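Trainee: Predicted model and sequence below, questions to follow.
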Amino acid sequence: MTSKTVTIKNRAGIHARPAALIVNTANQYESEIFLEKDTMRINSKSIMGIITLGASYKSSISIMAEGPDENDAVEAIAKLFENRFEEE
Amino acid sequence: MDSFSVLDLLDLDLKEHNALNLKCIGGRPGLVRTIREPEINRPGLTLSGFFDEFAHERIQLFGRGEIAYINKLEQKDNLETIEKMFSYRIPCCVFANSYTPGEKTMKIAENAECPILQTDLPSGEFALRLMRALNDIFAPKEVVHGVLVEVFGIGVLIRGSSGVGKSETALELIERGHRLISDDSVELKRMNGNLLIGASQNQSLGHHMEIRGLGIINVSHLFGVGAIRDKKQVQLLVELEEWDAEKVYDRLGSGDTNKEMLGVKIPALIIPVKPGRNIPIIIETAAMNERLKKMGYFSARDFNQNVLKWLESENARNLYFNDTDTF
């Protein structure tokens, strides 16, 4: 199990487009990947799930992955947050 | 259309408000002449002797005014301009209001082998109908491989490689009360510059489908006339393809994915096929979604706007509470 905590850096938060980006990235890995905000924990391969997290600007989210490629998966998704989902 | 002759014009099968009511009253040997321009010329100026820029490639239409002028010329035995006019290679002359030109004019036309046609329509109405018919005949065309069905009033062109299940999908849609326009090959025509009209390539063969394992079936006999249509505007393009685990498919549907066909942009969707996915229902939903978009409601965009609004209020609330914490 690998996990990493990231902060949302883009002003708009995670809306539909970033959510699709996360899902498409997550789908490239075999591992089970979860996102956790406060007490909500969802599968990062579900678009609606990610959107309903309501991840707004500056909120912190932990990425967790379990499986054969868990390190790469967490890194790849963390990088999306780092790059502000190619926004702003 | 490779070549469209005057004979083809006489043979056009148009009904009621489209009928041209043409018949040939002279110059039969010229019926093989081809019509190259989908335009009409009123030869008033020509008859008066002005031949500059004479559009002789066009169909010459004689209305009341031109006819009266020809009568005057015949009375005065001044046939020079008429002879000169027929020395050009005119595809055909049409006389409106069931008018038959005088013997002298007819003779000149016979000698020039220029077909003389007659219609009982007034010239204005005839010009309108002829332009409509010619626009249809001279429209840019393309034949594509696919199935055209009408789903909830939206013309959906289903494409995809052979064996992916186009015909089976169409069959299920017909079974659900939608209509078949054409199976296997669809003839697309661009009308009025921006309308893409699809029809069966060969209307006389009717609405048949080939289903693997069944062979050829006649849709109008099996499902009734309610299940078929002759032509329909193509408003949505659906590409079926085998599910590719590597490929990233559209998950949001918020982007405008248009495809160009004959220079007309058509909304397009790529739908991956795999066992367990009910393609007809997906296509039905896509058609309804397309209708919603036409009515001004864009599901994906609207959803995202709601999400953004919600995130913003969440953001504001967090800011407010964090600020009070520091006091």
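Mentor: Structure's in. What do you need?
Trainee: Do a quick rundown of the helices in chain A.
Mentor: A:16-26, A:47-52, A:70-82 (DSSP state H).
Trainee: One more: the stretch 51-200 of chain B?
Mentor: B:64-75, B:80-87, B:103-112, B:123-137, B:166-175 (DSSP state H, counting those that start in this stretch).
Trainee: Return the most buried member of the ones you listed.
Mentor: Stretch with highest mean neighbour count among the helices of the stretch 51-200 of chain B: helix B:166-175 (a mean of 22; mean count of other CB atoms under 10 Å in any protein chain shown). Just so you know, the C-beta spots here come from the backbone N, C-alpha and C atoms, and that holds for glycine as well.
Trainee: Of the helices of chain A, flag the one that's most buried.
Mentor: Mean neighbour counts for those (mean count of other CB under 10 Å) peak at helix A:16-26, with a mean of 21.
Trainee: C-alpha coordinates for it, PDB please?
Mentor: Listed next in PDB are the C-alpha coordinates belonging to helix A:16-26 (Å, rounded to 0.1, in the frame of the first residue of the first chain):
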ATOM      1  CA  ALA A  16     -15.600  17.100 -14.800                       C
ATOM      2  CA  ARG A  17     -12.500  17.700 -16.900                       C
ATOM      3  CA  PRO A  18      -9.900  17.000 -14.200                       C
ATOM      4  CA  ALA A  19     -12.000  14.100 -13.000                       C
ATOM      5  CA  ALA A  20     -11.900  12.600 -16.500                       C
ATOM      6  CA  LEU A  21      -8.100  13.100 -16.500                       C
ATOM      7  CA  ILE A  22      -7.700  11.300 -13.200                       C
ATOM      8  CA  VAL A  23      -9.900   8.400 -14.400                       C
ATOM      9  CA  ASN A  24      -8.000   8.000 -17.700                       C
ATOM     10  CA  THR A  25      -4.700   8.000 -15.800                       C
ATOM     11  CA  ALA A  26      -5.900   5.600 -13.200                       C
END
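Trainee: So which other helices or strands are in contact with it?
Mentor: Applying 3 or more CB pairs under 8 Å, 6 or more residues apart in numbering or on different chains; DSSP states H and E, one finds that helix A:16-26 contacts helix A:47-52, helix A:70-82, helix B:299-326.
Trainee: Output these in CSV; the columns should cover mean pLDDT and distance to residue B:68.
Mentor: Formatted as CSV, these follow (pLDDT from 0 to 100; distance: least, CB to CB, whole Å):
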stretch, mean pLDDT, distance to residue B:68
helix A:47-52, 86, 74
helix A:70-82, 92, 80
helix B:299-326, 80, 62
